[in-house]
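> Sequence and predicted structure are below.
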Amino acid sequence: MMSIRNWSDPSSVRADNLPTSHPHPAVTSSWFPSATEGLYNQKFMVSAGIRSPRSGRMAGWLWLRCVLGPHLQRIHRSPDPSRAEGRVGRRGCNYQPRSLEKHTDSILGWASALWSLSYYSSPLLLCYLYRKGYICSSKLVPVSQYVGTVLVCLLGVACLRGLGRWKNSEYLQFISILEETKKSHTPANKKKLRCYDFDFLHWPSDFSWTEVSSPKLSKAGVSLLKPEPRLRGAADSVLNSVRTLPCHIISFLIVHTFGRRMLYPGSVGLLQKAMRPMLQQGQAKLIEEFDGQRNKLVACDGNEIDTMFVDRRRDGGRKGQTLVICCEGNAGFYEVGCMNTPMEGGYSVLGWNHPGFGGSTGVPFPQNEANAMDVVIQFATHQLGFQLIDIVIYAWSIGGFTASWAVMSYPEVQSIVLDASFDDLLPLALKVMPNSWRPLVQHTVRQYMNLNNAEQLLKYQGPVLLIRRTRDEIITTTGPEDVMSNRGNNLLLKLLQFRYPKIMTDDGIRVVRQWLGASNHIEEASVYSGNEVDDDWCVSVLQSYQADRDVSFPWSVGEDMTLEGRRQLALFLVRKRYTVNHSLNLSMKGGVLSGLKGSHLSS
């Protein structure tokens, strides 16, 4: 049992002094003091016999920590070692606040939701107040008084919530471990802290970009491909800057108000609040069923990135030695995103949330996205111990930008899988905006949201697998019924034309478009067999070329070949590295990644 000395000095409240009857430091029913003990907060803090100044200061310190402490959501118990096949079978339970904490937390939650709603509707609200004449000194003074009164009331509610937490032994147990981990970030303390699910803002950082890179390079961030500037004279450049200044201002306002939120709706606070129960359930599944480890990474720009790592290396399988880094879509979170696909295949998986998504901080601009991806790869190689050759990047939709940046910047990466992705954001942005806005949209995208997936992917020499969703409404420019308007087709054509320019001539492009335009697998097979494609011959031609030269892309294979031979090679390449999925589901149990791993002729 904890001594009185431990409660009289804040620095001596150590997690390793906490009572336990279990060999693992995870949370168990016997780990918490009983209701009669109450962690001494009743007997030793407020009893008539003990009212020393030190105990009073300790009680005040604990209460303040409870007021300012994070929201505790779930307690994960120790894993079950008898479970196999990657499922550890950990038990868990939701944190049960007492009545006072529950009701005050509900009030503060509603206040937070109303503030978010007011923030996003502030332009309309301000216009309404202005038209009604409320924006004047005579009206603002009483309004400010009302606002001040509300803030004081909310402060009182927060203090009452802290009192409710202070009387809860489970929360006191948690807050003591959190404070001890912040003071001493040892593996033992981190292991104890991982038994709790709480507000990620208060989670201590587990890895920083500056640990493996020079802090001097962090100001500008990692390098991105920039659009080539037009060559102009000095005088012409100054005049053009003055002339385009209004366009720059409007573009800035668009992208920092509704533009970014339209492109990344997952960064909107109201959507995250609505999805919170689902995200918490998904995170509990990853931790309790797959022994996932949550980590906070600090990128070079200071943004904190929320990650989840599922380690399958100890399972003994070959697939577990490969790490799949997942890049989510514009409204995707690793808790409910594409991590499940490679996990079902038995791979080790590292998921992360975009800046501004879930527990990650910042906003999802391209530079911040690339900075986040960079620290994720640095964490995988330096902290988790994976080699770049053992890493596969798997991306969904807009996650193709960070995935293509990763393989461009780290060409040793084993391979990349782009699922339902696109070649360039600009055609998709023009689709949803009025045609009269075309110059403004072009400037805004190129200046602030230049998601140039194809341009980055062409810098990569390794295996590439593209997956097209024929029912996808997001990355089509006309509609899902028009298969050829899917921008995944353009990504494939640009890649093939760069890597095999002698094969992808006008005739090769025509036959590939014919195959891409097929509405089902039967039509695809008809186009393939109609051109009498000999798979064995195609493999032998490509292997022979690679063995004789062993050169990087682009290849000149097909230069001295007949039109029939080029057509065969074009169809062989497109079918080998382009999966057309006519449904909305994808499984990697069939060895998509393992087949991609062993290929040296992939497009």
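That came through fine.

> Could you report the neighbour count for A518?
A518 sits with 17 neighbouring residues when counted by other CB atoms under 10 Å. Heads up, the C-betas are built off the backbone N, CA and C, glycines and all.

> Just to be sure, it is in a strand?
No - counting by DSSP: H, G, I helix; E, B strand; the rest coil, A518 falls outside a strand, being coil.

> My understanding was that it contacts E524; is that so?
Yes - counting by CB atoms under 8 Å, A518 does reach E524; the two are 4.3 Å apart.

> Can you show me the CA trace of stretch 440-449 as CSV?
Extracted C-alpha coordinates of stretch 440-449, given in CSV (Å, rounded to 0.1, in the frame of the first residue of the first chain):
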residue,chain,number,x,y,z
LEU,A,440,-8.4,31.2,-60.2
VAL,A,441,-8.7,27.5,-59.5
GLN,A,442,-5.5,26.8,-61.5
HIS,A,443,-3.6,29.4,-59.5
THR,A,444,-5.0,28.2,-56.2
VAL,A,445,-4.2,24.5,-56.8
ARG,A,446,-0.7,25.1,-58.2
GLN,A,447,0.2,27.6,-55.5
TYR,A,448,-1.3,25.9,-52.4
MET,A,449,-2.6,22.4,-53.1
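
> what does it rub up against?
Residues from elsewhere that reach stretch 440-449 (CB atoms under 8 Å, 6 or more residues apart in numbering): 227, 244, 247-248, 250-252, 254-255, 259-260, 263, 365-366, 425-426, 429-430, 433, 451.

> Among the residues you listed, name the buried ones.
With burial judged by 16 or more other CB atoms under 10 Å, the buried subset of the contacts of stretch 440-449 is 251, 254-255, 259-260, 263, 365-366, 425-426, 429-430, 433, 451.

> Closest one of the residues you listed to R294?
Nearest to R294 among these is F365, at 24.6 Å by CB to CB.

> R260 is in contact with that closest one, correct?
Yes - counting by CB under 8 Å, F365 touches R260, with 7.2 Å between them.

> I177 belongs to a helix?
Yes - with three-state DSSP as the criterion, I177 is assigned to a helix.

> Can you give me the neighbour number for it?
Neighbourhood size, I177 [other CB under 10 Å]: 23.

> in the helix or strand hosting S544, what's buried?
For S544, the host element (DSSP states H and E) is helix 535-549. Residues of helix 535-549 classed as buried by neighbour count (16+ other CB under 10 Å): C538, V541, L542, Y545.

> Identify, from those residues, the entry nearest to S205.
S205 lies nearest to L542 out of the buried residues of helix 535-549, by CB to CB, at 46.8 Å.

> And the closest one, how far from V445?
37 Å (CB to CB, to the nearest Å).

> Check F252 too.
Distance, F252 to V445, by CB to CB: 13 Å.

> swap in S112?
Distance from S112 to V445, by CB to CB: 33 Å.

> Which one's more surrounded, these two?
V445 (25 against 13).

> secondary structure class for the more buried one?
helix.

> how about the nearest residue to E328 once chain neighbours are set aside, what does it touch?
Leaving out its chain neighbours, the residue that sits closest to E328 by CB to CB, 6 or more residues apart in numbering is G337, at 4.4 Å. Residues near G337 by CB under 8 Å, 6+ apart: C326, E328, G329, G351, W396.

> Can you tell me how far the second one is from V376?
This points to E328. Applying CB to CB to E328 and V376 gives a distance of 12 Å.

> shared neighbours of those two, anything?
W352.

> okay, how far is it across stretch 488-508, tip to tip?
The straight-line separation of the ends of stretch 488-508 (CA to CA, to the nearest Å) is 18 Å.

> Pull out the buried positions in that stretch.
Going by 16+ other CB under 10 Å, stretch 488-508 has these buried residues: 488-505, 508.

> Let's see which of the residues you listed end up in helices.
488-499, 508 (DSSP state H).

> can you put these in CSV and add distance to G358?
Formatted as CSV, those follow (distance: CB to CB, whole Å):
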residue, distance to G358
G488, 27
N489, 32
N490, 31
L491, 28
L492, 32
L493, 35
K494, 33
L495, 32
L496, 36
Q497, 38
F498, 36
R499, 36
G508, 44
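
> got TSV for those, with distance to V238 and pLDDT too?
Converted to TSV, these look like this (distance: CB to CB, whole Å; pLDDT from 0 to 100):
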residue	distance to V238	pLDDT
G488	42	94
N489	42	95
N490	37	96
L491	38	96
L492	42	95
L493	40	96
K494	36	96
L495	40	96
L496	43	95
Q497	39	96
F498	37	96
R499	42	95
G508	47	94
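
> Can you say which two of those are spatially most distant?
With CB to CB as the measure, no two of these lie farther apart than G488 and G508, at 18.4 Å.

> List the buried residues of the longest helix along the chain.
Determined from DSSP H, the single longest helix within the chain is helix 137-166. By 16+ other CB under 10 Å, the buried positions in helix 137-166 come out as V157, A158, L160, R161, G162, L163, G164, R165, W166.

> do stretch 446-462 as well
Those would be 448-458, 460, 462, for stretch 446-462 by 16+ other CB under 10 Å.

> Equivalent analysis for stretch 200-213, please.
F200, W203, D206, F207, S208, W209, T210, S213.
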